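Asker: Quick one: sequence plus predicted model below, questions after.
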Amino acid sequence: MQGGSRQWIFPLSFLPDDEYFILHDLRLWDGKHFFQIDVLILHAKYALILELKNIIGELYLDTDLHQMIRIKEEEKEAFPDPIIPIYSLVVFSNPKSILRLSSPQIQTFKNTIIHKEYLPKLISKLTSSYKRSFLPTEEKRD
């Protein structure tokens, strides 16, 4: 982050240091590309990724057309959609495991808790459901 743009951190200062581990401007390598996470908050019970935006003006998120529009002083400007789909899965590797969910849990967890055999189908389903790419493709790298 640049200059004085760290004032957003103030609310995080109220989190107990002994419960939360907070990583800022995390740069990771996936073996081919670097990518950046603005803030990763780790707790014993969960991980939370924060994507920070410091944009002035009225913001309209159009998730159907995958764009964000800023209206500032009667001028409109388009930005890429800031919503990044992130998923987590619990994958059971033993095909003899019997998974049971109560009726209310089925809607919540039906694509979150799976057997390993369903993993390729679920990944294919996720891949085909999104049109926008978040990582550079071969054509874009020169």
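Answerer: Everything's here; your move. Remember, predicted model here, so these are calculated numbers, not experimental data.
Asker: which ones are touching the residue most central in space within the chain?
Answerer: Closest residue to the average C-alpha location of the chain: Ile86 at 3.9 Å, with CA atoms, centre = their mean. Ile86 makes contact with Ile49, according to CB atoms under 8 Å, 6 or more residues apart in numbering. C-betas here are computed from N, CA, C, even on glycine.
Asker: I'd assumed it was in a helix, is it?
Answerer: No: counting by DSSP: H, G, I helix; E, B strand; the rest coil, Ile86 is located in no helix; its state is coil.
Asker: Let me see the backbone angles for the residue nearest to Ser93 when sequence neighbours are not counted.
Answerer: Leaving aside its sequence neighbours, Ser93 sits nearest to Lys116 (CB to CB, 6 or more residues apart in numbering; 5.0 Å). Note on Lys116: backbone dihedrals following degrees, to the nearest 10 are phi -60, psi -30.
Asker: which residues in the protein form strands?
Answerer: Counting by DSSP state E, the chain has strands at residues 20-29, 34-43, 46-50, 58-62, 67-72, 75-80, 90-92, 113-115.
Asker: Including mean neighbour count and mean pLDDT, could the ones you listed go into CSV?
Answerer: Compiled in CSV, those are given as follows (neighbours: other CB atoms under 10 Å; pLDDT from 0 to 100):
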stretch, mean neighbour count, mean pLDDT
strand 20-29, 12, 92
strand 34-43, 13, 90
strand 46-50, 11, 87
strand 58-62, 12, 92
strand 67-72, 15, 94
strand 75-80, 11, 93
strand 90-92, 12, 86
strand 113-115, 15, 86
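Asker: Out of these, which gets nearest to Tyr130?
Answerer: Proximity to Tyr130, assessed across the strands of the chain by CB to CB, is greatest for strand 75-80 (13.3 Å).
Asker: The closest one pairs with which strands, parallel or anti?
Answerer: Paired neighbours of strand 75-80 in the sheet (DSSP bridges): strand 67-72 (antiparallel).
Asker: how close does the closest residue to Lys131 other than its chain neighbours sit to Lys76?
Answerer: Nearest residue to Lys131, sequence neighbours excluded (CB to CB, 6+ apart): His66, at 7.2 Å. For His66, the distance to Lys76 (CB to CB, to the nearest Å) stands at 16 Å.
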